[in-house]
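**Student:** With the input below, show me the fold.
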Amino acid sequence: MLFDVAALGAASLLPSGLASRLLIVAVLINPVDAVRAVALLGTEGTTAFGAAPLAFLRFTRGPLGAGLLLGASLLAWLVLPPLAAAWRLRRTDI
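**Tutor:** I've put the predicted structure just below:
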């Protein structure tokens, strides 16, 4: 929850274009936000999105691009942490 507050607070201090980019990145690097965005996109389509997330849809050129980018973000969250843990365990003297 604090991540969202920090992202919105930082975005409120930036010009519109930079704020939109910051919020897009914030959604992509936070798996909870990514799942929420995918759920909204899947259940309500673009009608559930307000003004700020519409910038995300414009950036990804529509719902298909948004779904693919969010899916790639979630896939990275599923694959990269176990890979990092395996790499770390290989380097550790047990």
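**Student:** ok, for Ile29, nearest residue in space, not its chain neighbours?
**Tutor:** For Ile29, ignoring the flanking residues on the chain, the nearest one in space by Cβ to Cβ, 6 or more residues apart in numbering is Ser73 at 7.5 Å. C-beta: built from backbone N, CA, C; applies to glycine.
**Student:** immediately after the helix or strand of the chain at the bottom of the mean pLDDT ranking, which helix or strand?
**Tutor:** Within the chain, no helix or strand scores below helix 51-59, which has a mean of 70 by mean pLDDT, DSSP states H and E. Counting by DSSP states H and E, the next helix or strand C-terminal to helix 51-59 is helix 63-91.
**Student:** So, low pLDDT: which residues of this protein?
**Tutor:** Residues of the chain that meet the criterion pLDDT under 70 lie in 44-53.
**Student:** centroid residue for it?
**Tutor:** Nearest to the geometric centre of the chain sits Leu28, at 1.9 Å (Cα atoms, centre = their mean).
**Student:** Touching, that one and Gly71? I think so.
**Tutor:** No - Leu28 lies out of contact with Gly71 (Cβ atoms under 8 Å); the separation is 10.9 Å.
**Student:** on that earlier part again, mind listing what the residue nearest to Ile29 touches?
**Tutor:** Contacts for Ser73 (Cβ atoms under 8 Å, 6 or more residues apart in numbering) come out as Val27, Leu28, Ile29, Pro31, Ala34.
**Student:** for Ala37, same thing?
**Tutor:** Each residue near Ala37 by Cβ under 8 Å, 6+ apart is listed here: Val27, Pro53, Phe56, Ala66, Leu70.
**Student:** Next one: it relative to Gly67, how far apart?
**Tutor:** 9 Å (Cβ to Cβ, to the nearest Å).
**Student:** Report how many residues lie close to Val29.
**Tutor:** Check again: residue 29 is Ile, not Val. Around Ile29 sit 14 other residues, with neighbours defined as other Cβ atoms under 10 Å.
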